[in-house]
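**Q** what follows is a predicted protein model with its sequence.
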Amino acid sequence: MQCPRCKNPMIVLELSEVEIDYCPDCGGIWLDSGELELLLDNPEKSSALMNLFAEDKNSKEEKLKCPICSKKMKKVLVGEDKQILIDQCKNNHGLWFDKGELYDILQLGSIGEDNKVLDLLKDMFQYSN
């Protein structure tokens, strides 16, 4: 799979038994549809986080193409106070997170600092609070 940001090949990594596509060049992460919910591993918290997704039709940021269907993705704001802009395939193929955005969104998901996925992200990609 090609990175939607820098067009370089991505590698597949396993993160808490979920395969993610990672770009070693730009640090972005692609999650197929449903994988974010699997990472949260809690239906209530997953539903609460997904309810924070709102399309940003006024974003001036470049629209990236979905690595699955090659259609331009929509920009989505996630969060209330601190909003994070990510890319979501209009055909529901998945989500694109620029470097550090997945970590930030998982923190928004109120999954707690002791969560193994956050710990793995910190260890694998040297993210910090």
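**A** On my side now, so go ahead. Numbering: from 1, shown residues only.

**Q** surely I86 and V78 touch.
**A** Yes - taking CB atoms under 8 Å as the definition, I86 is a contact partner of V78 at 6.1 Å. (Glycine included, C-beta is placed from N, CA and C.)

**Q** for K99, what are its contacts?
**A** The contact partners of K99, by CB atoms under 8 Å, 6 or more residues apart in numbering, come to C26, G27, G28, F125.

**Q** returning to what we had before: common neighbours of I86 and V78, please.
**A** Common neighbours of I86 and V78 (CB under 8 Å, 6+ apart) are I105.

**Q** pull the longest helix from this structure.
**A** When the chain is parsed with DSSP state H, its longest helix is helix 116-125.

**Q** what helices or strands is that helix leaning on?
**A** strand 11-15, helix 101-108 (3 or more CB pairs under 8 Å, 6 or more residues apart in numbering; DSSP states H and E).

**Q** what mean pLDDT does that helix get?
**A** When pLDDT is averaged over helix 116-125, the result is 70.

**Q** which member of the contacts of K99 is positioned nearest D56?
**A** G28 (18.3 Å; CB to CB).

**Q** tell me if I'm right that that closest one and G100 touch.
**A** No - here G28 lies out of contact with G100, judged by CB under 8 Å, at a distance of 9.6 Å.

**Q** which one of those two has more residues nearby?
**A** Taking other CB atoms under 10 Å, G28 and G100 do not tie; G28 has more neighbours (24 against 16).

**Q** next up, the contacts around that one.
**A** Counting by CB under 8 Å, 6+ apart, G28 touches C3, P4, R5, C6, Y22, W96, F97, D98, K99.

**Q** just the buried members of these?
**A** C3, P4, R5, Y22, W96, F97, D98 (16 or more other CB atoms under 10 Å).
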